[in-house]
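> turn this into a structure:
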Amino acid sequence: MFCRQIRARSPEGGSRMKLIAGMMVTFLLLTACAAQSGSSGALLAQEAKRGCAQAIAYSEAYRGLSVLVLKDGKVICSTGGKSVETPYELWSGTKSFVGIMAAAAVQDGLLALDEPAADTLTEWAGDPVKSRVTLRQILWMVEGQPSEIGNPPTYAGAVETGFDAAPGERFQYGPVPMQLFGEIMRRKLETAGLEVAPLAYLDRRVLSPLGISGYQWRSGADGYPLMPQGAVMSAREWSLFGAFVLRGGRSEDGTQLVSPEAFAEIFEGSEANAAYGLTWWLARPSGSPDPVTQASDIRRNLDRLPPDLVLASGAGGQRLYIIPSRDMVIVRQAKLDLEAIRAGRSQDWKDVQFLSLIMDEVEEQSHAAPADISIAETLTNARSYDGRYISWREHLIDAEDVNGDVTIRGGDGLMMADIDLDGYPDIVSVHEDSGHIRIAFASADPHVWQLVTLGSGSQVSAVEDVAIGDLNGDGWPDILAACEEGHLVYFENPGTLARSVPWASLIPEVTTGRGSWLRVFLADMNGDGRLDITAANKGGTNIIAPEDAAAISSTTSLFLLDRPPLDQASWREQVLLSEGIANTAQPVDVDGDGDLDVLAAARNRQEMFILENHSTLPDGMLDIAVHRVNIMPGVGTPIGWEARANAFQSDWADFDGDGRLDLIVNVLETVPGSPANIGLAWLKQPETLSQHWVFNRIGGVMPDWIAGLKLADIDGDGHLDVIAGGYSGLNILAGTFSGAPRLLDDPDAIPSDTLGRIAWFQNPGQGNGVWTRHDISRRVRGMYDGWVGLDMDSDGDLDFISTRGNSGSLDGVFWMEQVRTLAPSRNFTPARLEDSQEMPLPPDDWISQYRNQQTYRPSANSE
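Residues are numbered from 1 along each chain as shown. Below is the predicted model:
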């Protein structure tokens, strides 16, 4: 038994072959993906201060109410406080929601942009002019109907409005086309059997998924929402919509909410007016005599503006500017001067002057900022409940370079418990590639640990998971491990000698010759006061004796102990489920009836099951009812959407306060004709287990792959957040391991690869709100499978302990100290001076650069 006391290293300036085919094969569905956008440089708030102040002063000189500027997803200029949180009238800025609603309807198969309007407005079918009008022409405002600005008709009135031009001949800005499209959408939704309310459709498909919920929307005389000018929204929420447009119609987690093809066409003008797309103004020249078009100073100053500028524009200077080439979203709101409008006086607001005050300064500073700054070096924008900035500092606990050269590889599962009952939680970790179970005995100092090897070699071959509990009833926590090369193994705590003598152990014969054990848990399943074991066995073939070619069935099993655990005769097994390749066996009281149920899964089929515990049978075994976990669409999911999950890592909490536990897992989403997407979601538990669970998206890290997750209140606001660790060395497009080495960094690694990311997702505090992802680190090598949250340094915030794998001699156990500061600092400070290279976020078009020809090379992954 190896034993050594060490001082964990603080910052100074494996051929792991886990079978992941079930999840990986589904990624063969991928034809295109969307990665989340990220920062291209350091925070620019201080540098842009002068330009910001001048822009705000200019806005306020023209009745300004709010200014909010985001670059690279970060706020660099703002009037702040209530000004950006108070909803104000957007007036004609509302119109731009209509084009996006149309793109969502295209994705859902409700309409096509070039279909005749008369297909829906059947009363137009017999008219030689009206029958020629397309939906695209309506959204372009070239259908041929005149409008009176500021005086929208009812939906029926828009249908009845006459024509004074042929379709496509003349651009006529006004409210009639928007009201007309509102009626078309109303009828489309009615025909499809959906809720007959265009605003409800826009909310469900776009606004709610973006976290936009505090808005209002005025209705017309007919009770229907005013499509030309009804929205009342805060600058912050309007900026969320702008960021969605900046991302190409994707939510923050990369989900494509609208048709990509239709979205692209929104920003193409008509022959009658090249400066107006499908409800959006464009920075393009125009020969249209339309007075609204000609009144804008943008048309006269195109040489001073980025050519990709698009904007939503409303009376009084309401503006949402989006500049993709600068990665900028700019919101400006103002009080409408009704007297000036009635008197016909110009308000003299100049878009170009306002934009130049912000863009010139920001552009100058952007040139000085590095374009490839890593996640770790990027200044944090995460904040705790009290407004302080959150960053992270790494400390090593167990690794080859701090433990006296014990070669541990393939850090995997871990658990914490006070093993020696000295009042300090200890760490039990498993290391699959090298075959080690290790204990790090804690002290009063979180930097000082006594390290012990509990098991090694064939006894714990390919050890994957660990559980801790008092199995023999003597008051001391024992340890049970699951080994992927063939069995479970029990270690009995020797009590006061736990740190210094070998532990007695047993490999239960009932678990041998069974293929591969993946997960193990301890809980009192039958209510007899003793701990029982639930475990997931992948089956397959006898790994120890591969010449036994017969396939071994996979099981989700319950083990009961009738006598002392070291007695082979004590172990009795009940097979709870034999469906596909078992992936978990997590005990949890899902239905809240006071006894423990089991979450099971079939990894190859991407299916989950709740094994409901009905009662205990006379022999102590369980009467089980099997319920398949079927996932139904939630807010913002398009028609044809489907989702599946295999629950290798999962957690439970009541997210919506209905008294029922909800399930958080990694979920694979598919929509016909659209890219597959994978990311974290919480599934709302139904009233009965036979009903569907409702999907609620949290977020993802594609092209990186989430291996481990844990719920915890990271920011201290009383709501559970999620920390997640990635898995480097995969080829997610080919559904296999990549050719990336684990002993050293791949010299050809690029940001578009699947790398070792650590991130946390901040809970918005409301059931269906948008979670915010905060990236911490993204190393070329790193696999972070297990997480435990604990205030290690007793400073009042939550730190995390984790294992690391896929990193050669860097593998082991570490803890991340949460650091809270008044000013932003770098996201992550590593413990080692030399470590795997930190990388930036992947580009939006990562899939076009993804090295999908990589294949696994054993020679690069073994020692």
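
> C-alpha from now on. contacts and neighbour counts both.
Fine.

> just the endpoints, please. Distance across stretch 659-674?
The distance separating the two terminal residues of stretch 659-674, taken as C-alpha to C-alpha, to the nearest Å, comes to 36 Å.

> no, scratch that, I was asking about stretch 127-136
Terminal residues of stretch 127-136 are spaced 19 Å apart (C-alpha to C-alpha).

> quick one: distance of it to the chain centre.
Here the centre of mass of C-alpha atoms in stretch 127-136, compared against the chain's by C-alpha atoms, centre = their mean, to the nearest Å, lies 43 Å away.

> list the buried ones in that stretch?
Residues of stretch 127-136 classed as buried: 130-136 (neighbour count, 16 or more other C-alpha atoms under 10 Å).

> restricted to helices, list those residues.
135-136 (DSSP state H).

> could you dump the buried residues of stretch 127-136 into CSV with pLDDT and distance to D433 added?
Formatted as CSV, the buried residues of stretch 127-136 follow (pLDDT from 0 to 100; distance: C-alpha to C-alpha, whole Å):
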residue, pLDDT, distance to D433
K130, 97, 71
S131, 97, 70
R132, 98, 69
V133, 98, 67
T134, 98, 63
L135, 98, 60
R136, 98, 59
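
> how close does L841 get to L70?
With distances taken as C-alpha to C-alpha, L841 is found 18 Å from L70.

> more neighbours, those two?
For L841 and L70, the more surrounded residue by other C-alpha atoms under 10 Å is L841, and the numbers stand at 28 against 22.

> now do the helices in this protein.
With helices called from DSSP H, the chain shows them at 21-26, 49-61, 95-107, 135-140, 155-160, 176-191, 198-202, 235-246, 260-266, 291-295, 338-343, 351-368, 846-849.

> of all those, which lies closest to D253?
The closest approach between D253 and any of those, judged by C-alpha to C-alpha, belongs to helix 235-246 at 10.5 Å.

> helices and strands around the closest one, which ones?
The contact analysis (3 or more C-alpha pairs under 8 Å, 6 or more residues apart in numbering; DSSP states H and E) places helix 235-246 against strand 64-71, strand 318-323, strand 328-334.

> closest to Y490 out of these?
Relative to Y490, the nearest member of the helices and strands packed on helix 235-246 by C-alpha to C-alpha is strand 64-71, separated by 54.7 Å.

> show the pLDDT at the most centrally placed residue in the chain.
Centrality entry for the chain: nearest residue to the mean C-alpha point is G699, 1.1 Å, by C-alpha atoms, centre = their mean. We note a pLDDT of 93 for G699 in this prediction.

> how about the contacts made by it?
Residues touching G699, when contacts are defined by C-alpha atoms under 8 Å, 6 or more residues apart in numbering, comprise 252-253, 679-681, 761, 771-773.

> so L471 sits right up against P477, yeah?
Yes - using C-alpha atoms under 8 Å, L471 makes contact with P477 at a distance of 7.4 Å.

> ok, G765 - contacts?
By C-alpha under 8 Å, 6+ apart, G765 lies in contact with H719.

> separation between it and G211?
Plainly put, G765 is 11 Å away from G211 if you go by C-alpha to C-alpha.
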